[in-house]
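Chemist: turn this into a structure:
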Amino acid sequence: MPVDELDTRILRLLLEQPRTSVREYARILGVARGTLQARLDRLERDGVITGTAPALSPAALGHPVLAFVHIEVTQGYLDEVGDALAAVPEIVEAFSITGGGDLLARVVARDNAHLEDIVQKLISMPGVVRTRTEVALRERVSPRMLPLVESIGRSARG
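Modeler: The predicted structure follows:
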């Protein structure tokens, strides 16, 4: 079920004020608490809301280097390599991709030498043919969902 205008307003509040209570959200939106809770439950059930964990900064945790590692995998080893990536704590995300490589991993490291150690660990995994690493210099757009939610909300209005 697509999100409607009220869903969009709820999602906007969740993104802008993540530590507010359901009661306060209902007050701000001018809807009954039960209505709001039912909407939140549906949004979670439908997979629109996927979590409520705090956003953490790898840099503040001592891992300021961010890199994207393209991993080429021997045919038939994709699942095994994917499972092995999950065991490397510095890999914060990994995706199957099209194009140059089979997997793309978002990697954080303490410094460039640490990044090299991580890449060497990846290269030594059974099924990994080669890697290509790109180091991020500066974040230009922070992870965000609000512009997308607002765009969907505009579409829902007409």
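
Chemist: was I right about residue 125 contacting residue 82?
Modeler: No: the pair residue 125 / residue 82 is not scored as a contact, 10.4 Å apart, by Cβ atoms under 8 Å. Every residue, glycine included, has its C-beta placed from N, CA and C.

Chemist: would you map the strands across the protein?
Modeler: Along the chain, the segments classed as strands by DSSP state E run 65-73, 91-96, 103-109, 128-135.

Chemist: buried stuff in the second one?
Modeler: What that stands for is strand 91-96. Using 16 or more other Cβ atoms under 10 Å as the test for burial, strand 91-96 gives 91, 94.

Chemist: hey, where'd the helices end up in the chain?
Modeler: Secondary structure of the chain (DSSP state H): helices located at 5-16, 22-29, 33-45, 78-86, 112-123, 146-157.

Chemist: buried residues in the fourth one?
Modeler: The one in question is helix 78-86. Buried residues in helix 78-86, counted by 16+ other Cβ under 10 Å: 81-82, 84-85.

Chemist: now the first one
Modeler: Neighbour-count burial for helix 5-16, with 16+ other Cβ under 10 Å as criterion, is recorded at 7-14.

Chemist: including pLDDT and distance to residue 130, could those residues go into CSV?
Modeler: Formatted as CSV, the buried residues of helix 5-16 follow (pLDDT from 0 to 100; distance: Cβ to Cβ, whole Å):
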residue, pLDDT, distance to residue 130
7, 94, 44
8, 93, 44
9, 94, 48
10, 96, 45
11, 95, 41
12, 93, 43
13, 94, 46
14, 94, 41
